[in-house]
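**Q** mind folding the following:
(one chain, ligands or ions: 2)
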Amino acid sequence: MTQTLPATIPASLFEQRADAIVEAARELSDLGWTPATSSNFSMRVDDAHAAITVSGKHKGRLGRDDIMLIDLAGNAVGTDARPSAETALHTQIYRRWPAMQAVLHTHSRTQSVASRLYAGEGVIRLQGWELQKAISGYHSHDSVLEIPVFPNTQHMPELVARVDAWLEAGKPLHAYLIDGHGIYTWGRDMAETRRHLEALEFLLACELDLKRLRAS
Ligand SMILES: CSC[C@@H](O)[C@@H](O)C(=O)COP(=O)(O)O
Ligand SMILES: [Zn+2]
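**A** Ligands and ions are numbered 1, 2, ... in the order given. As a prediction, this is how the structure comes out:
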């Protein structure tokens, strides 16, 4: 893939973002959270651009060339490569929150099963888990952490509208599940975003275990 950068974006800045995405993708793939060619990852580059995974690649085997530049309307910039099919869900986060620097989307078994189990309720309410404090803004296990579960669709504007509606109802949002699909979460840097993703994976696994044990 050939990537030409706008004059305002130094190559070193784009490469730093690309390398951070490749590293996170490899580690998340090693955890088994990105089966087949699923999942997508991005980082903000500046106020108007982000670096994102090219569509359809195996996320455990990415190189710098598999990361491309987009504008925040989701258009490819300086390349003919095709950005992630779910680019609109990334750019929505960057447009809405200027402080957000990274977005991670994975398809782990736990995320997938939890999304199906709670799709009817449309939300998973987490309470009583110490690890909720790994989510920025939550300071006690007593707080309620709501993770919405939106219906799956291949039509991204529908999902974008669901996210907008949740936020317009005044509810906090740090992550969401898509039914039978996976999770999206974000943060002010890659480390915070990774922390959110790992904590959510753990919390969802605990909820599933508890549900199974209580039913037995
Ligand atoms: C291979 S099924 C998963 C895809 O449909 C999609 O949900 C996904 O996460 C990866 O899409 P991509 O276009 O590679 O970013
Ligand atoms: Zn996906």
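
**Q** longest helix anywhere in this structure?
**A** Taking DSSP state H as the criterion, the chain has its longest helix at helix 190-215.

**Q** for that helix, buried residues please.
**A** Burial within helix 190-215, assessed by neighbour count using 16 or more other C-beta atoms under 10 Å, is assigned to 190, 192-201, 203-205, 207-208. (Glycine included, C-beta is placed from N, CA and C.)

**Q** same check, this time on stretch 60-68
**A** For stretch 60-68, by 16+ other C-beta under 10 Å, it's 60, 62, 66-68.

**Q** show residues contacting that stretch.
**A** With contacts defined as C-beta atoms under 8 Å, 6 or more residues apart in numbering, stretch 60-68 is touched by 1, 3, 15, 17-19, 21-22, 25-26, 29-30, 34, 51-54, 57, 76, 79, 81, 83.

**Q** low-scoring stretches of the chain, by residue?
**A** Counting by pLDDT under 70, the chain has no low-confidence residues at all.

**Q** swap in 90 and give it another go.
**A** 1 (pLDDT under 90).

**Q** what are the ranges of the helices in it?
**A** Using DSSP H, helices in the chain cover 11-30, 87-96, 109-117, 156-168, 190-215.

**Q** next, format those helices as JSON lines and append distance to residue 184.
**A** Listed next are those as JSON lines, based on distance: least, C-beta to C-beta, whole Å:
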{"stretch": "helix 11-30", "distance to residue 184": "13"}
{"stretch": "helix 87-96", "distance to residue 184": "6"}
{"stretch": "helix 109-117", "distance to residue 184": "10"}
{"stretch": "helix 156-168", "distance to residue 184": "9"}
{"stretch": "helix 190-215", "distance to residue 184": "9"}
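
**Q** which residues of this structure lie near ligand 1?
**A** Contacts of the chain with ligand 1, taken as C-beta under 6 Å from any ligand atom, map to 36-40, 53, 55-56, 84-86, 105.

**Q** what about residue 31, distance to residue 194?
**A** Separation of residue 31 from residue 194 (C-beta to C-beta, to the nearest Å) stands at 11 Å.

**Q** residue 85 now?
**A** Applying C-beta to C-beta to residue 85 and residue 194 gives a distance of 23 Å.

**Q** picking that back up, residue 129: which of the helices of the chain is closest?
**A** Closest to residue 129 of those is helix 190-215 (C-beta to C-beta; 5.6 Å).

**Q** got the angle for the closest one vs helix 11-30?
**A** Per axes from the mean of the first three to the mean of the last three C-alpha atoms, to 10 degrees, the angle that helix 190-215 makes with helix 11-30 is 20 degrees.

**Q** can we start the residue count at 658 from this point?
**A** In the new count, where the first residue is 658, that last one comes out as helix 847-872.

**Q** show me what helix 847-872 is packed against.
**A** Taking 3 or more C-beta pairs under 8 Å, 6 or more residues apart in numbering; DSSP states H and E as contact, the helices and strands that helix 847-872 lies on are helix 668-687, strand 759-763, helix 766-774, strand 780-783, strand 802-807, strand 839-844.
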